[in-house]
Every structure is written in C-alpha cells, then in structure tokens.
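Participant: here is the input, now give the coordinates:
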Amino acid sequence: MEEFSLITILAVFEEMFGRGLFWAMVLVALAITLAWIYVLVRDREMSMRKFLLAQLSMPLGGVAAVWFVMLMTNSGFADIGGPIDWLVLLGVFAAGAVGFAILVYVVQSLVRGKPAES
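Facilitator: The predicted model follows:
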C-alpha cells in the first residue's frame with residue numbers, strides 16, 4: 001500500500017465493522033455532535049458541574065469502546081502484536097472516552113434543561 005487516503009480508511013472500517021454498522025456509528029456520532037452544538041448554542045455557556053461529571057465518566061466510555069472493538073473484530077488482548085496495535089488501542093480508548101463525555105454532557109443538559117438566568 002503506497003498511498004494512504006480517506007477512501008482506504010473508510011474501506012478498512014467498513015470491512016472491520018460491516019457497512020451497515022459502520023455508517024450507523026457515523027450517523028450516531030454526527031447526531032451526538034449536533035446535539036452538543038445545539039446545547040452549547042442554547043445555553044450560551046458550558047456548565048462546569050456537567051463538564052466535571054462528563055469527565056468523570058470518560059474511563060467508562062474508553063473501556064466500552066475498547067470492548068466494542070475487541071468484540072466486533074473477534075480479537076483479544078493476546079492478539080495484540082506490536083507497538084502500532086497498542087497505539088491503535090490507545091486511540092480507540094481516547095476516542096471512546098471523549099465521545100462518551102460529550103454524550104454524558106448532552107444528556108445532562110437535555111434532561112436538566114436550560115439553566116436559570118441569574
């Protein structure tokens with residue numbers, strides 16, 4: 001593979017997760033991102049209390065992301081070969097942690113509603 005492109009990455013992810021699941025995950029991520037933007041515009045500020053609770057949930061999201069990838073790829077920790085595998089696993093953990101934190105913040109904001117004006 002001499003050329004590395006976005007199409008190549010999409011093909012690899014579609015092969016790993018299956019076309020339907022991959023694009024469903026993309027749509028869910030897009031919906032959560034749009035909901036986060038909506039909440040930020042609606043509230044006009046970030047609540048540090050909600051942000052702290054979202055940050056505290058990050059390890060749970062990271063572990064869930066690693067578990068999900070391991071389940072979907074029929075892999076285990078014994079299958080990890082070299083440093084690049086560990087870096088990819090760390091990237092999956094980080095992406096899952098950040099994504100889950102954003103989801104937790106959005107859910108808190110939508111459930112609790114807009115904060116009262118002072």
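Participant: hey, let's count contacts and neighbours off CA atoms from now on
Facilitator: Fine.
Participant: nearest residue to the middle of the protein?
Facilitator: A centroid search over the chain (C-alpha atoms, centre = their mean) returns residue 99, at 3.1 Å, as the residue closest to the centre.
Participant: in what helix or strand does it lie?
Facilitator: In this structure, residue 99 is located in helix 83-112 according to DSSP states H and E.
Participant: against which helices or strands is that helix packed?
Facilitator: helix 19-43, helix 48-56, helix 58-72 (3 or more C-alpha pairs under 8 Å, 6 or more residues apart in numbering; DSSP states H and E).
Participant: can I get these in CSV including mean neighbour count and mean pLDDT?
Facilitator: What follows is the helices and strands packed on helix 83-112, written out as CSV (neighbours: other C-alpha atoms under 10 Å; pLDDT from 0 to 100):
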stretch, mean neighbour count, mean pLDDT
helix 19-43, 14, 93
helix 48-56, 15, 92
helix 58-72, 17, 93
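Participant: tabulate the ones you listed (JSON lines), appending distance to residue 104.
Facilitator: Listed next are the helices and strands packed on helix 83-112 as JSON lines, based on distance: least, C-alpha to C-alpha, whole Å:
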{"stretch": "helix 19-43", "distance to residue 104": "10"}
{"stretch": "helix 48-56", "distance to residue 104": "5"}
{"stretch": "helix 58-72", "distance to residue 104": "9"}
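Participant: to residue 93, which of the ones you listed lies closest?
Facilitator: Within those, the stretch nearest residue 93 is helix 58-72; the backing value is 4.1 Å (C-alpha to C-alpha).
Participant: that closest one packs against which elements?
Facilitator: The helices and strands touching helix 58-72, judged by 3+ C-alpha pairs under 8 Å, 6+ apart, are helix 83-112.
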